[in-house]
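Chemist: Here is my input, please return the structure:
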Amino acid sequence: MSKRSNSLLSAAEREGVVELRGDLDALPLPNRHAALECLRDKRLLRELAYIDGKWPASHAATRFPVTDPATGALLAEVASLDAAQTGEAIAAAARAFAA
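Modeler: Residues are numbered from 1 along each chain as shown. Next up is the predicted model:
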């Protein structure tokens with residue numbers, strides 16, 4: 001395991017929760033959270049919005065960073081929705097919960 005690994009990753013690895021793939025020193029983005037490299041199914045991390053069963057980008061094609069507050073490492077950049085898309089998402093969620 002890399003010298004850069006944090007205690008969270010070490011504990012998870014000891015418990016067999018994650019499968020390390022490659023050397024953490026070779027992360028593609030220098031500030032990207034190291035735990036993301038341990039995600040077995042990369043499809044679980046989505047950077048788009050989920051609205052009414054679909055995964056749209058923002059209308060303005062803008063995104064904002066989501067970071068780990070403890071380290072400042074980048075977790076993802078997600079779709080920055082405008083007011084109309086936010087309203088669509090709220091309405092879709094309300095319909096889903098009513099069912």
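Chemist: what's the distance between Asp41 and Val66?
Modeler: 19 Å (CB to CB, to the nearest Å). All C-beta atoms are positioned from the backbone trio N, CA, C, and that covers glycine.
Chemist: And the two? Which one has more around it.
Modeler: Legend: neighbour count by other CB atoms under 10 Å for Asp41 and Val66, higher for Val66 (12 against 6).
Chemist: for that one, what are its contacts?
Modeler: 74-78 (CB atoms under 8 Å, 6 or more residues apart in numbering).
Chemist: Tell me how many other residues crowd Glu77.
Modeler: Counted by other CB under 10 Å, the residues lying close to Glu77 total 13.
Chemist: Ignore what I typed, I meant Ala34.
Modeler: 19.
Chemist: again, but for Gly87
Modeler: Applying other CB under 10 Å, we find 12 residues neighbouring Gly87.
Chemist: ok, now how distant is the closest residue to Ile51 other than its chain neighbours from Leu81?
Modeler: The shortest distance from Ile51 to any non-neighbouring residue, by CB to CB, 6 or more residues apart in numbering, is to Ala89 (4.7 Å). Separation of Ala89 from Leu81 (CB to CB) stands at 7 Å.
Chemist: quick one: which of the two has more around it?
Modeler: Neighbours per residue (other CB under 10 Å) separate Ala89 from Leu81, with Leu81 holding more: 20 against 16.
Chemist: Domain-wise, how is this structure divided?
Modeler: When the chain is parsed with automatic domain parsing, its domains come out as 1-44, 46-99.
Chemist: hang on, the earlier thing: any residues in contact with both of Ala89 and Leu81?
Modeler: Jointly contacting Ala89 and Leu81 under the rule CB under 8 Å, 6+ apart are Ala49.
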